[in-house]
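Asker: Provided below are the primary sequence and the corresponding predicted coordinates.
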Amino acid sequence: MKTVRFAAVALALALFVTAVVPLAAQPVAAQNFVAGSPTQAFADAAFGLPLLAPMSLAAAPVITFSFESAAAGSNYACTLISQSPKDWTKMGRKHIFDAKWTVKNTGTKNWGKNGIDFKYISGTKMHTYASAYDLAQDVGRGKKISLAIDMISPKYKGYYTAVWGLYTGNISFCKVSVTINVNK
């Protein structure tokens with residue numbers, strides 16, 4: 001039993017030293033190890049690990065989506081005007097809220113209420129109803145529309161993001177997202 005603990009401690013120490021101690025300027029030559037040996041496998045695994053630095057999510061940048069798909073071209077494009085709640089908003093577990101985005105049609109085509117869909121794309125499924133909706137009204141060039149989705153925050157603490165987008169057919173041309181901090 002002591003041998004197993006010693007081996008586990010030695011392995012943990014070796015991984016720690018490999019991750020923390022800066023590597024020498026000279027790269028480790030593969031010929032120093034016998035191909036296929038456990039030592040070679042360990043070295044390949046240890047030297048292939050990225051060095052990780054501590055990261056604070058509170059200091060993470062807020063990214064606002066405002067782009068167009070190359071497939072849709074300039075015919076369909078948008079700009080995000082406003083969002084509620086703001087990204088990184090703190091809220092309790094199982095909190096009911098509305099995610100709202102106001103977007104402006106910056107493309108050359110009008111958005112028809114029957115031709116453009118607002119769909120869930122990825123991230124945490126916080127929406128409480130459907131995953132796709134038709135627009136409530138036509139949106140002309142240069143005009144704005146507010147898009148709202150009923151949501152509920154997850155039951156566990158953490159950061160959660162949901163990404164939604166406007167689609168013409170199966171081509172997404174406008175993506176919006178909301179990121180929340182469930183901390184209570």
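Answerer: Ah, there it is. Keep in mind it's a predicted model, so treat the numbers as computed, not measured.
Asker: Show me the chain divided up by domain.
Answerer: For the chain, automatic domain parsing gives the domain ranges 2-47, 64-182.
Asker: mean pLDDT lowest for which of those domains?
Answerer: Ranked on mean pLDDT, the bottom entry among these is domain 2-47, at a mean of 46.
Asker: For the nearest residue to residue 148 once chain neighbours are set aside, pull up the helix or strand it's in.
Answerer: Using CB to CB, 6 or more residues apart in numbering and skipping the chain neighbours, the partner closest in space to residue 148 is residue 100 (4.6 Å). In this view, the C-beta of every residue, glycine as well, is placed from N, C-alpha and C. Using DSSP states H and E, residue 100 sits within strand 96-105.
Asker: and the very next helix or strand once past that strand, which residues are buried?
Answerer: The helix or strand immediately downstream of strand 96-105 is strand 116-123, counting by DSSP H and E. For strand 116-123, a neighbour-count test (16 or more other CB atoms under 10 Å) marks 116-118, 120 as buried.
Asker: cool, stretch 88-100 as well?
Answerer: Under 16+ other CB under 10 Å, the buried positions of stretch 88-100 are 91, 97, 99.
Asker: Next, format these as a markdown table and append distance to residue 74.
Answerer: Shown next, in a markdown table, are those (distance: CB to CB, whole Å):
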| residue | distance to residue 74 |
| --- | --- |
| 91 | 37 |
| 97 | 34 |
| 99 | 27 |
